[in-house]
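Student: Structure, please.
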Amino acid sequence: MAEKKVIDLEVLMEIIKILKDNDLSEICIEQNGVKIKVKQEYAQPVSIAHHAVVPAVHEEAVGSGKEKLDIISAPLVGTFYRSPSPDVEPYVEVGDEVEAGQVLCIIEAMKMMNEITADFDCEIVEILVKNGQQVEYNTPLFRVRPTS
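Tutor: As a prediction, the model looks like this:
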């Protein structure tokens, strides 16, 4: 009976880390009769289940009689995207009412897609950045009106 050859999970994770750290598309390693080939595809970005906590900042209204709106800002540096891919409708539009936990946009940082979610129920009053625009930490993304 032939001996079954197995690879240690830690070794596999280290190979994947080398692939990502060096921005390689493919790596092939053979050791002790075991051959491993790891290939990284770039066709579609992967959405990571990372939900950034974005505290809203109250914006003081100019003049009297105007309501106060909240600003949802970028929790990290990256590229702002309104939808998960170019051929899909944006997550939100001006006038949409969203619930706490609903995805508002994606910020891509280091090839990781970070979903930015609402931390309270609100109405989108204004989208302050353009699709594909680079944003810095704390860049205002949305002007919103709390609904609850």
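
Student: Spatially nearest residue to Phe142, not counting backbone neighbours?
Tutor: Distances taken as C-beta to C-beta, 6 or more residues apart in numbering place Ile72 nearest to Phe142, at 4.4 Å, with adjacent residues excluded. Yep, even glycine has a C-beta here, placed from its N, CA and C like the rest.

Student: you'd agree Glu14 is in a helix?
Tutor: Yes: judged by DSSP: H, G, I helix; E, B strand; the rest coil, Glu14 forms part of a helix.

Student: Report the secondary structure state of Glu89.
Tutor: coil.

Student: Please renumber the chain so that the first residue is 40 from this point on.
Tutor: Taking 40 as the first residue, the last one we looked at is Glu128.

Student: burial measure for the residue nearest to Phe181, as a count.
Tutor: Ile111 has 24 neighbouring residues, counting by other C-beta atoms under 10 Å.

Student: And the helices in this structure, which stretches?
Tutor: 48-60 (DSSP state H).

Student: Which stretches in it count as strands?
Tutor: Ranges of strands in the chain, per DSSP state E, are 65-70, 73-78, 86-91, 96-98, 108-112, 117-120, 136-137, 142-148, 151-156, 161-166, 173-174, 179-185.

Student: looking at the ones you listed, which has the lowest confidence?
Tutor: Mean pLDDT is lowest for strand 86-91 among the strands of the chain, at a mean of 44.

Student: Now Val164. Nearest residue, chain neighbours left out?
Tutor: Nearest to Val164 is Arg182, by C-beta to C-beta, 6+ apart, at 4.6 Å.

Student: and this structure, what are its domains?
Tutor: Annotated domains of the chain cover 48-78, 86-185 [automatic domain parsing].

Student: Could you say which of those is packed most deeply?
Tutor: A comparison of the domains of the chain by mean neighbour count, using mean count of other C-beta atoms under 10 Å, puts domain 86-185 on top with a mean of 15.

Student: how close does the residue lying closest to Thr118 once chain neighbours are set aside get to Val164?
Tutor: Nearest non-adjacent residue to Thr118, counting by C-beta to C-beta, 6+ apart: Glu147, 4.5 Å away. Distance, Glu147 to Val164, by C-beta to C-beta, to the nearest Å: 25 Å.
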